[in-house]
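Enquirer: Sequence and predicted structure, then a few things I'm wondering about:
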Number of protein chains: 2
Amino acid sequence: MGVMQQTQKSERTRLTVGDWEQGALDMIAEQGVGALAVEALARRLGVTKGSFYWHFRNRESLLRSALESWEQNEEAEVLAGIESIDEPRARLREVFHRVAHEMKSHRIYAALLKVLDHPVVLPLMGRVTQRRMQFLTEAYLQIGMPPRTAAHRARLAYAAFIGFLQLNLTLGMPRLSHEEFDAYVEHVATTLIP
Amino acid sequence: MGVMQQTQKSERTRLTVGDWEQGALDMIAEQGVGALAVEALARRLGVTKGSFYWHFRNRESLLRSALESWEQNEEAEVLAGIESIDEPRARLREVFHRVAHEMKSHRIYAALLKVLDHPVVLPLMGRVTQRRMQFLTEAYLQIGMPPRTAAHRARLAYAAFIGFLQLNLTLGMPRLSHEEFDAYVEHVATTLIP
DNA sequence: TGCTGTCAATACGCGCACGTATGGATCGGG
DNA sequence: CCCGATCCATACGTGCGCGTATTGACAGCA
């Protein structure tokens, strides 16, 4: 006993590495990677730079840690308990509908898409995107598509997902009512799942 | 007579506003909006800042002019002589195939997608995206789709286009051979055009 | 109670890119 | 030929954000 985690309820307690990482991910989700500044984040957490440079070597180090933490958790957020659905088509449809809902993880992914020139971000996004397209490809294979077609369809579906993020989150283009939005998602599902 | 345009062949001649705009668009296409720095662009054009601040009030002014110029020309680049194709489906297929080819205009569009938080870029991208989706919607209507379906399909097709840009241009994800790339484009066309 | 390790505050230096100030070069018309 | 307008070079000032250096506060433990 005696070891309190205390990463929750950060009311006037000392900060941990995890607190800084979470704060960084919050800022990235809200304002993008460019807005992740040391002093701004420190203000947000109620301290000054002096604290930051005790926990991290520099800004890059924080970014690396935060994104590493994100990479380890982003998968579970969407795929939680998805394997309980047996029918392949229904499972894929469920994935589509889940993805359509706004999640913090998606905002971060969209923010990272905008800084792919950054040497830390590029390989990470390569891995994540690769895994996700792999998942889609296997899903289409389970439906019964021939391999080549499955790969192409997976690529198309994932491209549609990325465009969806841009149009909604950043461009604010939809201007759709709630019901019309659902109708759109349904249209996508039926168009992309044979 | 007597009035030489001389915007071509910029061998040791004075620079015009159009030269700066084109240079700016080149830099944006190659390295993104963030890399558009006054002194860097001046070096690229073989002069110094002193020249720049004679032609423009500041960096923002250049960005505004350059993007305005781009907005007026980007449409023609893809749709040139597309109305010569009568059959609606064939015309749409032709648009898909043209778009699949890398063009400078697409690189600029992709670069602008990454700075949608910029107050100059956001409304411009809103207009351009709106027009393009409008075009797609009407194309699907001409095919015979009911209005709601046409709107949804246009949105899906354009989202796929945006994702396509990200996956190829910036993420470098495709790793496809030339023929496999063509097969993918063909798959997209047949999937998205009934 | 004093010591030590942990976390934070303050002050400072530095690099970069923007923007300004001012003087120099070059071209065309009277 | 020369003068004003146009175009460019050089030098400087400034703000911002990173990173460093130094000191301070506060816990647990002997």
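Expert: Good, I have the coordinates. None of the values given here were measured: they were computed from a predicted structure.

Enquirer: hmm, the strand or helix carrying residue A:123 in reach of chain B?
Expert: Under the criterion of DSSP states H and E, residue A:123 resides in helix A:121-143. Yes: judged by CB under 8 Å from any CB of the partner chain, helix A:121-143 and chain B are in contact via A:122, A:125-126, A:129-130, A:133. Placement of C-beta: from N, CA and C, glycine included.

Enquirer: in chain A, which residue is closest to the centre?
Expert: For chain A, residue A:105 is the residue whose C-alpha lies nearest the centre (CA atoms, centre = their mean; 2.9 Å).

Enquirer: what pLDDT does it get?
Expert: Residue A:105 is assigned a pLDDT of 95 by the prediction.

Enquirer: Tell me both backbone torsions, phi and psi, for it.
Expert: phi -60, psi -40 (degrees, to the nearest 10).

Enquirer: and residue A:159, what does it touch?
Expert: B:159-164, B:166-167 (CB atoms under 8 Å, 6 or more residues apart in numbering or on different chains).

Enquirer: Grab the nearest non-local neighbour of it.
Expert: Nearest residue to residue A:159 in three dimensions, chain neighbours excluded: residue B:163, at 2.9 Å (CB to CB, 6 or more residues apart in numbering or on different chains).

Enquirer: about what we covered before: farthest pair in the residues of helix A:121-143 next to chain B?
Expert: A:122 and A:133 (16.2 Å; CB to CB).

Enquirer: out of the two, which sits in the busier spot?
Expert: residue A:133 (19 against 16; other CB atoms under 10 Å in any protein chain shown).

Enquirer: That one is in contact with residue A:162, isn't it?
Expert: No: the criterion here is CB atoms under 8 Å, and residue A:133 misses it with residue A:162 at 10.8 Å.

Enquirer: Domain ranges for chain A, per the record?
Expert: A:13-80, A:82-194 (automatic domain parsing).

Enquirer: Same list, those domains, but as TSV with distance to residue B:89 please.
Expert: Below are these laid out as TSV (distance: least, CB to CB, whole Å):
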stretch	distance to residue B:89
domain A:13-80	36
domain A:82-194	16
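
Enquirer: if we can go back for a sec, which ones are touching the residue nearest to residue A:159?
Expert: By CB under 8 Å, 6+ apart, the neighbours of residue B:163 are A:158-164, A:166.

Enquirer: That one: what secondary structure?
Expert: Using DSSP: H, G, I helix; E, B strand; the rest coil, the structure places residue B:163 in helix.
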